[in-house]
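**Student:** Here is the input, now give the coordinates:
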Amino acid sequence: MNAGEAKYTRVEYERRFLVSPQADWRSIIESYSKILEDKYLRDTRLRLRVLTETDTGRRVVKLNKKSESSSPYFQTISRILLSPAEHELFDGLEGDRLKKERHYHHHLGRVFSIDVFEGELAGLILCETEAEGMEDLMSAQFPAFATHEVTEDPFFTGGNLCRTTRADLLRKLATFT
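**Tutor:** Purely as a prediction, here's the structure:
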C-alpha cells in the first residue's frame, strides 16, 4: 500500500479545465494510464470506484464520499478500500455510471490528470491538478492544451456528469467554442 492509499480522509484541493479534442496532448503523456469506472449511488454523496492500472492490470475498489464544501476548489474526501464481496454489495445499489481513462502529464513540477470520458460523454476531456493548499492550487500554471477553467461549473462534477445525456453535453460544450 502506498502513502496515498493510507489516507482515509483528507482535504482535496483541485482545479479542472476543458481540454480541446484537437490539442496534441497525447504526445506528451506518461506511458501508463488508469481506467476509472465510477458509480454514483443515488440520493447519496457516495461514489463506488473501480480503478484498473492499464500497465499491470492491478485493480483497486473503493467507496468515496465527498463532503459539501463552501468552495468548488476544495472538499473533504473520505475513502474506504473494499473487498470483492463489499464491492458486489454496493454495486447492487441504484446509481449512475461514468467511465473514463486517466492519463498523466508532468508540467512545471506538477502532475496533471487528463480524463478522457467514454459512452454518452465521449468527446469530453478534462484536465485537473491537485495541490496541498489553496495558495499552491491557485498558482498552478496549466498546460497549453487546457483551455477553459471549469472548476466553478457544477456541470463538470462527476456527480452531475454521470447523469448527463449526450445532447446535454454537446449543448454545454458548444458554449465554449
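
**Student:** need the longest strand for this structure.
**Tutor:** Longest strand in the chain by number of residues (criterion: DSSP state E): strand 95-107.

**Student:** Would you mark the buried spots in that one?
**Tutor:** Going by neighbour count (16 or more other Cβ atoms under 10 Å), the buried part of strand 95-107 is Gly95, Asp96, Leu98, Lys99, Lys100, Arg102, His103, His105, His107. Backbone N, C-alpha and C define where each C-beta goes, glycine included.

**Student:** Tell me which two in those are the farthest apart.
**Tutor:** With Cβ to Cβ as the measure, no two of these lie farther apart than Gly95 and His107, at 33.8 Å.

**Student:** all helices of this structure, in order?
**Tutor:** For the chain, applying DSSP state H gives helices covering 3-6, 84-91, 134-138, 158-161, 166-174.

**Student:** Could you say which of the ones you listed is packed most deeply?
**Tutor:** helix 158-161 (a mean of 18; mean count of other Cβ atoms under 10 Å).

**Student:** contacts for it?
**Tutor:** Asp38, Tyr40, Arg45, Arg47, Lys66, Leu98, Phe117, Leu121, Leu124, Pro154, Phe155 (Cβ atoms under 8 Å, 6 or more residues apart in numbering).

**Student:** For ChimeraX, write the select line for the buried members of those residues.
**Tutor:** The buried subset of these, as determined by 16+ other Cβ under 10 Å, is captured in ChimeraX by this line:
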select :38,40,47,66,98,117,121,124
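
**Student:** now, which of the contacts of helix 158-161 lie within strands?
**Tutor:** Per DSSP E, these map to strands at Asp38, Tyr40, Arg47, Lys66, Leu98, Phe117.

**Student:** On the pLDDT front, check the residue in the chain sticking out farthest from the centre for me.
**Tutor:** Centroid-distance maximum for the chain: Ala85 at 24.8 Å, with Cα atoms, centre = their mean. Note on Ala85: pLDDT of 97.
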